[in-house]
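Q: predicted model and sequence follow; I will ask about them next.
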Amino acid sequence: MDWAFSRHPLENLLVLSAALFALGIFTIITRRNAVSVLMGVELVLNAANVNFVAFSQYVPGAGIHGGMFSIFVILLAAAEAAVALAIIIGIYQNFGRVDVDKAELMKE
Amino acid sequence: MGLLIADVSLWDFFHWDRVMASPWWFALLSAFIVCAIIVNFIAVYAGVNTLLERKIAAHMQARVGPYQVGPHGSLQWLADALKLMVKEDVIPRDTDGLLFRLAPYVVFGGSFAAWVALPLAPGLSPAVMNVGILYILAVSSAVVIGILMAGWSSGSKWALFGAMRSAAQIVSYEVPVGIALLGMLLIYGSLDMHDISRAQETGAPFGFSPDWHGGILSWGLFRFPPFTIMAFLIYYTAGLAETNRTPFDIPEAESELVAGYHTEYSGMRFSFFFLAEYANMFVVAAIATTFFLGGWLPPFGHLLGKTFLMSPFLEGLFWFMAKSFALVLLMMWLRWTLPRYRVDQLMDLCWKKLTPLAFVTLFAIGAGVFNRWVGVGLGTVAGLIAIGLIGQAVTAPPPEGLQPVRAPAPAK
Amino acid sequence: MATSEILINLVYYVVAAAALGGGVAVAVSKNIVRSAFALLTVLFSVAGVYALARADFIVAAQILIYVGGILVLIIFAIMLTHKITDVKLSNESSPGPVSVTACLSVFVLIVTAFVYGYSWKREAAPVRGSVDFALEGRPPVRADLSMWQGGGLTGVEFDGKVLDGFVRLKVKTSSSVKETVRAQFGLSRVKKGGGWEDLPPSKPAPFATEGGAAVAWTEFERLEEGKYEWKARLVDEGVESPWVEFAQGQLPDFNSEKGLTKAIGRAFMGPYLLAFEVVSVLLLAALVGAAFLARKEVRE
């Protein structure tokens, strides 16, 4: 098996991260519940993190900068999730539901 | 580097490189065997723990507790375990099937995974990790998710409320736990649990004479008194709250009052929650032992491997287990002594009292590590303040208006 | 494939399958709570992937923050934004052919253009190139010397950091070598009181062909933490070439460290200090903002 993880770790991880990214984008564009959209965003961020860590660990001379960046991404994802969920709870209190297609008050 | 810890260790046998160089099925088999040993130990330990809890409760309340099964009721735990295993498996109709069945395993998995990184004896740990303590804190977060899963999938709003309260409690108390341990990590300089235990072999309080085998005085508890003692108390209290033990057992007490997150569970699934709780208690006690009480070290210097048992490995194992069990017994003792906190008092205690105090200890220990004379200074100031406060609290007159209660005279 | 490789591959493919399965469940499941617990699977699997890539600190950070923080927040938000009587919380989605095609094409584009269309496998620059190994009675063998993180991970540069004490040293030559020639590596370490001490040299390793050149390598594992220097020589049936060192003098070739934690700590207090402080201020702002936004509106 020449394409296995132990022979080509970088390519395997990049394919995994691309798949998670595509699934995350699919979640963001098709879901109607705002919390589900947020879950899609988390999938996308995790895919990017896998990418960063893969390059940091498996490309010669890359140093730890990929790992550092992925730690910052994790921290910022936490901050963003907190604020986004607070906003979603605010939307629920005002509209009674968190359907992203129906929260269109500004349009009227 | 402690020379007491002999070269005898199972490390050479269990090392990852040797396992990786062996056939893949051998590696998987050895991992499986290690996990099976741990799970069996947890099961027996938790079972005996339930009996011990009932016996301690009984003797503290001037009664005898379970007495029928076995001599003095000592096999009661076997009877309880058998009963739970043969009970009918009831799954209510309104539950979400997959999540309802999965939740006990997620909760147990979180507690069990933390056992893997405990430093049981010099060189012995099911998995030696560079980031031991961080890993343990991380996988203990899986317990919260399992509790939420259990509460939601039970399909009853009381279970859901209980689960959300329990989850909020655990997540809140992770903050003082982390900060108290962070202060100690400043002293030890390593996240590896074995390095932390080894670092408590030598050294005097405040960091003087780093090569002195001080025995009990070299332990983490006395490195920067009184701040390390404060850190220990903060960690132990917050750890009590993490495992839902009294006085913080609102989520469990609700099962007496209304319902808790495991109200719809019966039989073997219910016993998994209890196994997880006792396993969690041991992990909290084990971390406290490793960070504050010297891990596997005996209380007297230079004696590892030279007293009874004649082997550093067995002796380290004995002392580690003894100290952890002592802390677990303390948890049980507290359960039957203290009344329960209300949920708002609990949150108030965490955020307004324990967390600021934990930050103060972190700052003070950091200052002490930076310059030991600053540590001595801060320590004496804090010690004097503490003695003053305690003395004032102890000698204060009772509040006005309180009269001893006398029974009314019996009506003639 | 070596038997130990089977285990790594097995673990990786199981973990990757769990991640992808969880991702599909997040994207497609009709029940939002199941979606959230599938996200749990994805987060743990991604942590497993980091563990396989030997990024140990990031594993702990991922589980602690994502599972212990973000996922708990998400589940609380789900429970707070639905009426308490809904047991089967529905989660409508509007998939259509457009979205499916778009995502599939994004995936195919990334994989073909960036993963397989570009060669990521750059050979690390040799640490010391074109050294001559003089064997008696034979023309000297010209070779390049390089250091790799063990397990085939990143190449190590001069005075670089090696994680987990796990180093692969390589001799690569384009000239032809006899069958019986072996390469032997020796390490010396800085002692605690200063000064260098020599470690016993490795067993001589045979040359194998790799991409047109002959390569011999040895892996040193479980090196203790410290500064190391190394040297190499060729051995041929008892005839030994003199040792060729890389660094002459007091410079170490690499520093051995256990795990990523110290390196990350040094980076946080070094080049990333400003970012660290800014992120902490940002977290404070997010904390205050979220607490403010989620408060119950007091309707006058």
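A: Done, it's in. Since this is a predicted model, take the numbers as computed values, not measurements.
Q: for B:Phe13, give me the pLDDT.
A: Note for B:Phe13: predicted pLDDT of 49.
Q: may I see the buried residues of the helix or strand hosting B:Gly379?
A: B:Gly379 is part of helix B:372-395 when elements are defined by DSSP states H and E. Buried positions in helix B:372-395, judged by neighbour count with 16 or more other Cβ atoms under 10 Å in any protein chain shown: B:372, B:375-376, B:378-379, B:382. The way it works is simple: take the backbone N, C-alpha and C, and place the C-beta from them, glycine included.
Q: quick one: distance of that helix to the chain centre.
A: 28 Å (Cα atoms, centre = their mean, to the nearest Å).
Q: can I get it in CSV, CA atoms only?
A: Listed next in CSV are the C-alpha coordinates belonging to helix B:372-395 (Å, rounded to 0.1, in the frame of the first residue of the first chain):
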residue,chain,number,x,y,z
ARG,B,372,12.6,32.9,46.9
TRP,B,373,13.0,35.8,49.3
VAL,B,374,9.9,37.4,47.8
GLY,B,375,8.2,34.1,48.4
VAL,B,376,9.3,34.1,52.0
GLY,B,377,8.1,37.6,52.5
LEU,B,378,4.7,37.0,50.9
GLY,B,379,4.4,33.8,52.8
THR,B,380,4.9,35.4,56.2
VAL,B,381,2.5,38.2,55.4
ALA,B,382,-0.1,35.7,54.2
GLY,B,383,0.5,33.4,57.1
LEU,B,384,0.0,36.2,59.6
ILE,B,385,-3.2,37.3,57.8
ALA,B,386,-4.4,33.7,57.9
ILE,B,387,-3.6,33.2,61.5
GLY,B,388,-5.3,36.5,62.3
LEU,B,389,-8.5,35.6,60.4
ILE,B,390,-8.7,32.1,61.8
GLY,B,391,-8.0,33.3,65.3
GLN,B,392,-10.7,36.0,65.0
ALA,B,393,-13.2,33.5,63.6
VAL,B,394,-12.5,31.1,66.4
THR,B,395,-12.6,33.5,69.2
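Q: helices or strands up against that helix?
A: Here helix B:372-395 touches helix B:227-242, helix B:355-370, going by 3 or more Cβ pairs under 8 Å, 6 or more residues apart in numbering or on different chains; DSSP states H and E.
Q: among those helices, which is the most enclosed?
A: helix B:227-242 (a mean of 23; mean count of other Cβ atoms under 10 Å in any protein chain shown).
Q: right, is it up against chain C?
A: No. Under the criterion of Cβ under 8 Å from any Cβ of the partner chain, chain C is not reached by helix B:227-242; the shortest gap measures 11.8 Å.
Q: the helix or strand A:Val53 falls within near chain B anywhere?
A: For A:Val53, the host element (DSSP H and E) is helix A:34-58. No. Judged by Cβ under 8 Å from any Cβ, helix A:34-58 stays clear of chain B, getting no closer than 13.9 Å.
Q: touching chain C at all, that helix?
A: Yes. Counting by Cβ under 8 Å from any Cβ, chain C is contacted by helix A:34-58 at A:35-36, A:38-40, A:42-43, A:46, A:49-50, A:53-54, A:56-58.
Q: what residue in chain A comes nearest to chain C?
A: A:Pro60 (3.3 Å; Cβ to the nearest Cβ).
Q: wait, is that residue part of a helix?
A: No. A:Pro60: not assigned to a helix; according to DSSP: H, G, I helix; E, B strand; the rest coil it is coil.
Q: that one and C:Gly155: what is the separation?
A: 3 Å (Cβ to Cβ, to the nearest Å).
Q: who's more crowded, the two?
A: Per other Cβ atoms under 10 Å in any protein chain shown, whichever of A:Pro60 and C:Gly155 has more neighbours is C:Gly155, with 22 against 19.
Q: for chain A, give me its nearest residue in the stretch 301-412 of chain B.
A: Taking Cβ to the nearest Cβ as the measure, the point where the stretch 301-412 of chain B comes nearest chain A is B:Trp351, at 16.2 Å.
Q: which ones are touching the nearest residue to that residue once chain neighbours are set aside?
A: Nearest non-adjacent residue to B:Trp351, counting by Cβ to Cβ, 6 or more residues apart in numbering or on different chains: B:Ser172, 6.7 Å away. Going by Cβ atoms under 8 Å, 6 or more residues apart in numbering or on different chains, B:Ser172 touches B:241, B:347, B:350-351.
Q: what do you get if the cut-off is 7 Å, keeping everything else the same?
A: Shown in contact with B:Ser172 (Cβ atoms under 7 Å, 6 or more residues apart in numbering or on different chains): B:347, B:350-351.
Q: quick one: buried residues of the strand or helix carrying it?
A: Element membership for B:Ser172 (DSSP H and E) is helix B:157-188. When burial is assessed from 16+ other Cβ under 10 Å, helix B:157-188 yields the following buried residues: B:158-185, B:187-188.
Q: off-centre distance for it?
A: 12 Å.
Q: what angle do it and helix B:227-242 make?
A: With axes from the mean of the first three to the mean of the last three Cα atoms, to 10 degrees defining the directions, helix B:157-188 sits at 160 degrees from helix B:227-242.
Q: let me see the mean pLDDT of helix B:157-188.
A: Helix B:157-188 carries an average pLDDT of 90.
Q: can you check stretch A:65-85 too?
A: Mean pLDDT, stretch A:65-85: 95.
Q: briefly note if that stretch comes near chain C.
A: Yes. Judged by Cβ under 7 Å from any Cβ of the partner chain, stretch A:65-85 comes into contact with chain C at A:67-68, A:70-72, A:74-75, A:77-79, A:81-83, A:85.
Q: distance between stretch B:201-218 and the chain's centre?
A: Between the centre of stretch B:201-218 and the centre of its chain there are 26 Å (Cα atoms, centre = their mean).
Q: how near is B:Phe32 to chain C?
A: 13 Å (Cβ to the nearest Cβ, to the nearest Å).
Q: show me how far the helix or strand hosting that residue is from its chain's centre.
A: Taking DSSP H and E as the definition, B:Phe32 sits inside helix B:24-60. Put simply, helix B:24-60 sits 15 Å off its chain's centre (Cα atoms, centre = their mean).
Q: next, count neighbours for B:Asn40.
A: Counted by other Cβ under 10 Å, the residues lying close to B:Asn40 total 10.
Q: correction: the previous question concerned C:Asn31.
A: Using other Cβ under 10 Å, C:Asn31 has 18 other residues around it.
Q: likewise for C:Tyr116?
A: With other Cβ under 10 Å as criterion, C:Tyr116 counts 12.
Q: equivalent analysis for B:Phe32, please.
A: By other Cβ under 10 Å, neighbour count at B:Phe32 equals 10.
Q: for chain A, which segments count as helices?
A: In chain A, the helices defined using DSSP state H lie at A:9-30, A:34-58, A:65-95.
Q: can you list the low-confidence ranges for the stretch 1-150 of chain C?
A: Per-residue confidence for the stretch 1-150 of chain C (pLDDT under 70) gives these ranges: C:1-4, C:84-91, C:120-124.
Q: how close does the residue of it found nearest chain B get to C:Gln62?
A: Closest approach between the stretch 1-150 of chain C and chain B, counting by Cβ to the nearest Cβ: C:Gly68, at 2.9 Å. Separation of C:Gly68 from C:Gln62 (Cβ to Cβ) stands at 10 Å.
Q: was I right about B:Pro122 contacting B:Pro312?
A: Yes. B:Pro122 lies in contact with B:Pro312 (Cβ atoms under 7 Å); the separation is 5.5 Å.
Q: neighbour count: these two, which is higher?
A: Per other Cβ under 10 Å, whichever of B:Pro122 and B:Pro312 has more neighbours is B:Pro122, with 29 against 22.
Q: list the contacts of the residue lying closest to B:Gly151 once chain neighbours are set aside.
A: Among residues not flanking B:Gly151 along the chain, B:Ala163 sits closest, at 2.1 Å (Cβ to Cβ, 6+ apart). The contact partners of B:Ala163, taken as Cβ under 7 Å, 6+ apart, are B:147-148, B:150-152, B:261.
Q: repeat the analysis, applying 10 Å as the threshold.
A: B:Ala163 makes contacts with B:103, B:144, B:146-154, B:251, B:260-263, C:75, C:79, as judged by Cβ atoms under 10 Å, 6 or more residues apart in numbering or on different chains.
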